[in-house]
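Visitor: Have a look; sequence and predicted model below, questions after that.
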Amino acid sequence: MGAKTRAPPLLSWSCSVRSHIHQVSLRCTLVAYKQTRHEGLYDSSVVPLLLKACASFPFLHHVKILHAESIKAGSESDVILGTALLTSYGKCDAIRDARKLFDTMPARNIVAWNAMISEYLRKGDTGSASLLFEEMKGKNQVTWSQMIGGFARNGDIVTARRVFDEVPHEIKDVLIWTVMIHGYARIGEMEAAREVFELMPERNCYVWSSMLYGYCKKGNIAEAETVFNRVPARNLEIWNSMIAGYAQNGFGEKALQAFERMGAEGFKPDEFTVVSVLSACAQLGRLDVGKQIHHMIEHNGIAVNPFVLSGLVDMYAKCGDLVNATLVFEGFTERNIFCWNAMISGFAINGKCREVLEFFGRMEDSNIRPDGITFLTVLSACAHGGLVCEALEVISKMEGYEIEIGIKHYGCMVDLLGRAGRLKDAYDLILRMPLKPNDTVLGAMLGACRIHSDMNMAEQVMKLTHENSVTGANSHNVLLSNIYATSERWEKAERMRRIRVDGGSRKTPGCSSIIFSDFCGFK
């Protein structure tokens, strides 16, 4: 047999890079590039692919190296390469480098202009984007649509509409109409969205989905159903939008019914469908249906991404099946924050406080950082389990993760300290909070006063209720009346009852300005 013909090194290297990109192995792409760089191999056609890998992580250092090598190779006049470099700088948050490159490009096509404008809009710099937009010649549909979408995303819907109205009639295509409608829908301005929607000369599936999304986000399921029933030809995305809308607004039964109708019309579910249906099963406690969905996922080969995983874990946990919830969780290695939160929440709602702390520790040891929801779940579990020391240790970690302690976190701590009989510590915490105490916080404090029959503390809490004009003050009067009655202080109990009936007296609003400094100061 003759010797096999060996591919030239440059061709072999180029094929290796393209293969890794095709397999979405971006890190492997960079490794292949790094290993062969010292051999002096360079192929300008694959450099944009390498830049894509750099921007995905992002690796600004590698972007600059590729930029330097393109200059050495004499490729700086390549518009495609220049545009790829520009976009990569933008995604690496090096907007100044991107603009410097843009200004020095010997030739700039419409793609380069659009890329520079897009990066400004992505960073929220609508002023710089507008200046380039005004200077640009030969604007196309992409230019106009990204300006409209950019202003809408950055909270300036008025300017977005002005730009939309200025689009030349001959290039005002369905994409531009859809971007404007979605801009209204995402902020809940559905009357304006409907006005534009009804004027559209033609509609695509995306604009129908945007209308469904907007109404569902506002909780107006009736209008969403009206839009859904008007769709001339539904596709999977339309069905997914409607099912998700039902699930997100607590209409679990309707979500399952829509899922059944979707199947009857011949549509096969994807990962987006099953996430919504699993949420509906979790809401309804329908473990039987949830197990059928799990079997369908495995049987139909639906991609089990981290969102599907968290949906399965959440469904099993809320249906009380912690064994299967744990099996699903442990059987998947690519877990994101939602997967961990679903598992920790599952233990919490089933009263497994020690397991909550165990998995919280495992999460910290992984490469996933806990967020505010994680801490709220763990603190809530500690409150219900009476784990004061553990809760104080947990909340002390929030500063290290640079997570703001919110009113709900404070509420959990007040509830926990109150349940444990540490009423003075709980009251001092309320005074030190940098936030105004709300109805939930003060209600938890009064509930603790009732449990421990502390009349004096209850009266101090009621003063805070009136000073801060808490909306639930009337219900707190009822609670205080009951506390007095329990202690057989009938005269005060009757007075509180009369205040409740008569509506009480108005107080001047106020708030605490003392900053809470150290949770661990409680002993």
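Guide: Cool, got the structure. Numbering: from 1, shown residues only.
Visitor: Near Val441, how many other residues are there?
Guide: 27 (other C-beta atoms under 10 Å). Placement of C-beta: from N, CA and C, glycine included.
Visitor: Show me the domain layout of the chain.
Guide: 13-121, 139-233, 369-523 (automatic domain parsing).
Visitor: Next one: the residue nearest the centre of the chain, what pLDDT does it get?
Guide: Central residue check for the chain by C-alpha atoms, centre = their mean: the C-alpha nearest the mean position is that of Phe338, 9.6 Å away. Here, the pLDDT recorded for Phe338 equals 93.
Visitor: how much space between it and Ile65?
Guide: The gap separating Phe338 from Ile65 is 35 Å, by C-beta to C-beta, to the nearest Å.
Visitor: Make sure the residue nearest to the centre of the chain is actually in contact with Pro306.
Guide: Yes. Between Phe338 and Pro306 there is a contact under C-beta atoms under 8 Å: 6.3 Å.
Visitor: any shared contact partners between these two?
Guide: Here Phe338 and Pro306 share no contacting residue, scored by C-beta atoms under 8 Å, 6 or more residues apart in numbering.
Visitor: hey, where'd the helices end up in the stretch 201-350 of the chain?
Guide: 205-217, 221-230, 236-248, 252-264, 271-284, 287-300, 306-318, 322-330, 337-349 (DSSP state H, counting those that start in this stretch).
Visitor: what's the most buried one of the ones you listed?
Guide: Mean neighbour count (mean count of other C-beta atoms under 10 Å) peaks for helix 306-318 among these, with a mean of 25.
Visitor: Distance from that helix to the middle of the chain?
Guide: Chain-centre distance of helix 306-318: 16 Å, with C-alpha atoms, centre = their mean, to the nearest Å.
Visitor: Relative to Cys412, how far out is Ile430?
Guide: Note on Ile430: its distance to Cys412, by C-beta to C-beta, is 13 Å.
Visitor: so how many other residues sit close to Asn140?
Guide: 13.
Visitor: Give me the phi and psi for it.
Guide: When read as degrees, to the nearest 10, the backbone of Asn140 gives phi -110, psi -170.
Visitor: How about Gly155?
Guide: phi 90, psi 10.
Visitor: And it, what's its pLDDT?
Guide: For Gly155, pLDDT reads 93.
Visitor: what sits against it?
Guide: Neighbouring residues of Gly155 by C-beta under 8 Å, 6+ apart: Ile187.
Visitor: For it, give its distance to Gly124.
Guide: On the measure of C-beta to C-beta, Gly155 and Gly124 end up 9 Å apart.
Visitor: Repeat that for Gly82.
Guide: 24 Å.
Visitor: per-residue confidence at Met457?
Guide: Note on Met457: pLDDT of 86.
Visitor: my bad, Leu435
Guide: Leu435 is given a pLDDT of 89.
Visitor: That one: what secondary structure?
Guide: coil (DSSP: H, G, I helix; E, B strand; the rest coil).
Visitor: count of residues packed around the nearest residue to it once chain neighbours are set aside?
Guide: Nearest residue to Leu435, sequence neighbours excluded (C-beta to C-beta, 6 or more residues apart in numbering): Ile407, at 5.2 Å. For Ile407, the neighbour count with other C-beta under 10 Å is 14.
Visitor: Ile407: what's it in contact with?
Guide: Met433, Leu435, Pro437, Asn438, Thr440, Val441.
Visitor: what does Gly188 give?
Guide: Gly188 is in contact with Gly214, Lys217, Lys218, counting by C-beta under 8 Å, 6+ apart.
Visitor: Three-state assignment for it, please.
Guide: coil.
Visitor: and it, how far is that from Glu355?
Guide: Counting by C-beta to C-beta, the gap from Gly188 to Glu355 is 39 Å.
Visitor: same thing with Ile395?
Guide: 19 Å.
Visitor: Between those two, tell me which one has more neighbours.
Guide: Counted by other C-beta under 10 Å, Ile395 and Glu355 do not tie: Ile395 has more neighbours, with 22 against 18.
Visitor: list the contacts for the more buried one?
Guide: Per C-beta under 8 Å, 6+ apart, neighbours of Ile395: Phe375, Leu379, Ile405, His409, Met413, Phe519.
Visitor: so the fifth one is in which element?
Guide: Using DSSP states H and E, Met413 maps to helix 407-419.
Visitor: next helix or strand past that helix?
Guide: Downstream of helix 407-419 (by DSSP H and E), the next one is helix 423-432.
Visitor: what is the orientation angle of that following helix with helix 407-419?
Guide: With axes from the mean of the first three to the mean of the last three C-alpha atoms, to 10 degrees applied, the angle from helix 423-432 to helix 407-419 works out at 160 degrees.
Visitor: gap between Lys217 and Glu223?
Guide: 11 Å.
Visitor: ugh, wrong one, I meant Val274
Guide: 26 Å.
Visitor: Can you get me the start-to-end distance on stretch 228-242?
Guide: From its first residue to its last, stretch 228-242 covers 7 Å (C-alpha to C-alpha, to the nearest Å).
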